[in-house]
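Q: Whatever this is, show me its structure:
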Amino acid sequence: MEESLYMWILQQREANIIVTFEILRIKAELLFREIQKRGHYENQLFTSSDGWMRRFKERFGLQVKRVAGEKASADMQAYQKFKDILGAKITEMKLLGSQVYNADESAIFVKLLASRTLALYNEKNVYGRKINKMRYTFMPCSNADGSNKLRLMFIGTAANPHSFPAKEMLTVSYYNSKKAWMTRDLFREWFNNEFVPAVRKFSSECSLEPKALLVLDNCTAHYTGNDALVSDDGLIKVIYLPPNVTSVCQPMDQAVINAVKARYKRKLMLCLLLENKEVKFEDRLKKISLMQSIDWLSSAWNEISQSTIKNSWKKLIDQFPECEATSDDSHEPDLNADLKALVTAVDSLAGTCTTNEEIELWKSDQFYDVDNNPAWLTSMVFNDQEIVDSVLREKVTPVENSLAEESIETFSETPPVSIGDLLEEPTFSDALKHLDALLRFVRNDAADVSRLKSLRTKLIEKEWLKTTT
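A: The predicted structure follows:
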């Protein structure tokens, strides 16, 4: 049970979710009951007492601040250090503003209306219009001066959605996963098949050397394990933001994604108000197809101006000589007022009343589901059943035993490791390389994957803080 609980804590920390002592106690008891369902500890009782809590923290090396839920805040020291590192990298690669890119994924609830956002905390008390929680993931990508906006990456759940045209006819790059989440395989495919060719085509059209630097956050879906995420010629590379700075300096996260969502939601509301008037309001959402939603989202992305994109980079890159930030001409205040007016009009038709707070939550799609979990997650996570199954899974099978014996015999024939090699301190890159190799080796074991991912994050954090202590 403690193994499962520890793995659950790691996932909550990775998502910056607050975990209090009371939540930890309840989760421990729920996981214990889940393990009992598998036939373990059937006649035993478990109580999450103060003594157990103290011993659990000691056994797993947890500090109070790790589990008490201190507010996750941006690491300003790491942010300032990364700005210097990024500037040095741009200088080293001799890049222009048009050769530095950023991509970031976000959830989009394509049919959710503002007047029922807060009701998701306790759906059983909601009356009237049924809540539509259809969620997908999209990812915008652009260079720093906004001159090369790639097609949106859109992740759905179906491999071949009903009534879809040929994929080459879509206005987005369509991918699919079981829960419309971003995965490592999908991101690697997008990087190699979409991003690299788009950069090379743009470079050729602008008579530039086909090189670029893609700035990404440290989401685990963006890593590719031991193999570096780089083009086959080594000219198109990736650099990762340090942990806990996305809210401060991630360009797409600063204004662009919210601007796309605002435009999408405006199109959705206009459709509900102005189309299918002969249909009852409660049924109008049903008539909106996935194809319509994709077209609206693509159109919203195309409407984002170069100045909006340029200004989103101001906190990460002070200034490019050829790419100065300009005043924003995207008219966000007018758009916000327009959205509010549209929500009021929908309220009149639906007989609802939407507060300003609900509108703000709705615009950013940041709310919680019925289990009080963040509904906007875009990367794959393990649920309780998968966590327990992973912990209880048999670690070594007879086949693995025979393979282990063979490996021991092979190892005995290899030259011995010298004392000098053992004493030589590994570099940071060596540590990450071996950790990524281990992650690939245990990729089917959820518990080991979570522990190694946590260790990797800790190593990165320590590396960033080395020069500040």
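
Q: Quick check, pLDDT for residue 136.
A: The model reports residue 136 with a pLDDT of 92.

Q: Identify the bridge partners of it.
A: residue 108 (DSSP bridges).

Q: what ranges do the helices span in the stretch 101-250 of the chain?
A: Remark: helices assigned in the stretch 101-250 of the chain by DSSP state H, counting those that start in this stretch are 184-190, 196-205, 246-249.

Q: Select, out of the ones you listed, the one closest to residue 89.
A: helix 246-249 (14.8 Å; C-beta to C-beta). C-beta coordinates here come from the backbone N, C-alpha and C atoms, glycine included.

Q: so what does the closest one touch, helix or strand wise?
A: When contacts are defined as 3 or more C-beta pairs under 8 Å, 6 or more residues apart in numbering; DSSP states H and E, helix 246-249 sits against helix 76-93.

Q: got the phi/psi numbers for residue 100?
A: With angles defined as degrees, to the nearest 10, residue 100 sits at phi -110, psi 130.

Q: Setting aside sequence neighbours, what's the nearest residue to it?
A: residue 144 (4.7 Å; C-beta to C-beta, 6 or more residues apart in numbering).

Q: so how many other residues sit close to the one you found?
A: Using other C-beta atoms under 10 Å, residue 144 is surrounded by 27 other residues.

Q: Put together a markdown table for the helices of the stretch 101-250 of the chain, with mean neighbour count and distance to residue 290 on each row.
A: Putting the helices of the stretch 101-250 of the chain into a markdown table (neighbours: other C-beta atoms under 10 Å; distance: least, C-beta to C-beta, whole Å) gives the following:
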| stretch | mean neighbour count | distance to residue 290 |
| --- | --- | --- |
| helix 184-190 | 18 | 18 |
| helix 196-205 | 16 | 24 |
| helix 246-249 | 19 | 29 |
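
Q: Now tabulate the ones you listed in CSV and tack on distance to residue 294 and mean pLDDT.
A: Output for the helices of the stretch 101-250 of the chain, formatted as CSV (distance: least, C-beta to C-beta, whole Å; pLDDT from 0 to 100):
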stretch, distance to residue 294, mean pLDDT
helix 184-190, 16, 90
helix 196-205, 19, 96
helix 246-249, 26, 82
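
Q: sorry, back to before: any figure for the gap between the residue nearest to residue 100 and residue 251?
A: The gap separating residue 144 from residue 251 is 7 Å, by C-beta to C-beta, to the nearest Å.

Q: Check residue 33 too.
A: For residue 33, the distance to residue 251 - C-beta to C-beta - is 45 Å.

Q: More neighbours: those two, which one.
A: The neighbour count for residue 33 versus residue 251, taken as other C-beta under 10 Å, is higher for residue 251 (26 against 12).

Q: pretty sure the more buried one is touching residue 313, no?
A: Yes: Residue 251 is within contact range of residue 313, at 4.8 Å (criterion: C-beta atoms under 8 Å).

Q: Overlap in contacts, the two.
A: 102, 144 (C-beta atoms under 8 Å, 6 or more residues apart in numbering).

Q: returning to what we had before: any idea which of the helices of the stretch 101-250 of the chain gets closest to residue 49?
A: Closest to residue 49 of these, according to C-beta to C-beta: helix 246-249, at 37.3 Å.

Q: Can I get the closest one as PDB, trimmed to CA atoms?
A: Provided in PDB are the C-alpha atoms of helix 246-249 (Å, rounded to 0.1, in the frame of the first residue of the first chain):
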ATOM      1  CA  THR A 246       6.200  27.800 -17.200                       C
ATOM      2  CA  SER A 247       3.800  30.300 -15.600                       C
ATOM      3  CA  VAL A 248       6.400  33.000 -15.700                       C
ATOM      4  CA  CYS A 249       8.000  32.700 -19.200                       C
END
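
Q: how far out from the middle of the chain is it?
A: 14 Å (C-alpha atoms, centre = their mean, to the nearest Å).

Q: Tell me the first helix or strand C-terminal of that helix.
A: The first helix or strand that comes after helix 246-249 along the chain, using DSSP states H and E, is helix 251.

Q: Give me the neighbour count for residue 288.
A: 19.

Q: Settle this for me: it is touching residue 271, isn't it.
A: Yes: counting by C-beta under 8 Å, residue 288 touches residue 271, with 6.5 Å between them.

Q: all helices of the stretch 301-450 of the chain, in order?
A: Assigned by DSSP H, counting those that start in this stretch, the stretch 301-450 of the chain shows helices spanning 306-312, 332-350, 356-364, 384-392, 398-412, 419-423, 428-441, 446-465.

Q: among those, which gets the worst mean confidence?
A: When the helices of the stretch 301-450 of the chain are compared on mean pLDDT, helix 398-412 scores lowest, with a mean of 34.

Q: Residue 378 against residue 179, yeah?
A: No: with contact defined as C-beta under 8 Å, residue 378 does not reach residue 179; the gap is 9.8 Å.

Q: Those two: who's more crowded?
A: Neighbours per residue (other C-beta under 10 Å) separate residue 378 from residue 179, with residue 378 holding more: 21 against 13.

Q: Which element, helix or strand, includes the nearest residue to residue 275 once chain neighbours are set aside?
A: Spatial nearest neighbour of residue 275, excluding adjacent residues (C-beta to C-beta, 6+ apart): residue 284 at 7.5 Å. Secondary structure from DSSP H and E places residue 284 in helix 281-284.

Q: In contact with residue 253, which residues?
A: Per C-beta under 8 Å, 6+ apart, neighbours of residue 253: 104, 217, 246, 247.

Q: no, scratch that, I was asking about residue 174
A: Residue 174 neighbours (C-beta under 8 Å, 6+ apart): 154, 156, 164, 167, 294.

Q: what is in contact with residue 144 and residue 251 at once?
A: Shared contacts of residue 144 and residue 251 (C-beta under 8 Å, 6+ apart): 102, 309, 313.

Q: Including distance to residue 345, could those residues go into CSV?
A: Listed next are those as CSV, based on distance: C-beta to C-beta, whole Å:
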residue, distance to residue 345
102, 36
309, 31
313, 36
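
Q: closest to residue 76 among these?
A: residue 313 (18.2 Å).

Q: could you pull out the strands for the stretch 151-300 of the chain?
A: Taking DSSP state E, counting those that start in this stretch as the criterion, the stretch 151-300 of the chain contains strands spanning 153-156, 173-176, 212-216, 236-240.

Q: got CSV for those, with mean pLDDT and distance to residue 203 too?
A: Formatted as CSV, the strands of the stretch 151-300 of the chain follow (pLDDT from 0 to 100; distance: least, C-beta to C-beta, whole Å):
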stretch, mean pLDDT, distance to residue 203
strand 153-156, 95, 20
strand 173-176, 94, 19
strand 212-216, 95, 8
strand 236-240, 93, 10
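
Q: got TSV for those strands, with distance to residue 430 too?
A: Shown next, in TSV, are the strands of the stretch 151-300 of the chain (distance: least, C-beta to C-beta, whole Å):
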stretch	distance to residue 430
strand 153-156	33
strand 173-176	33
strand 212-216	22
strand 236-240	17
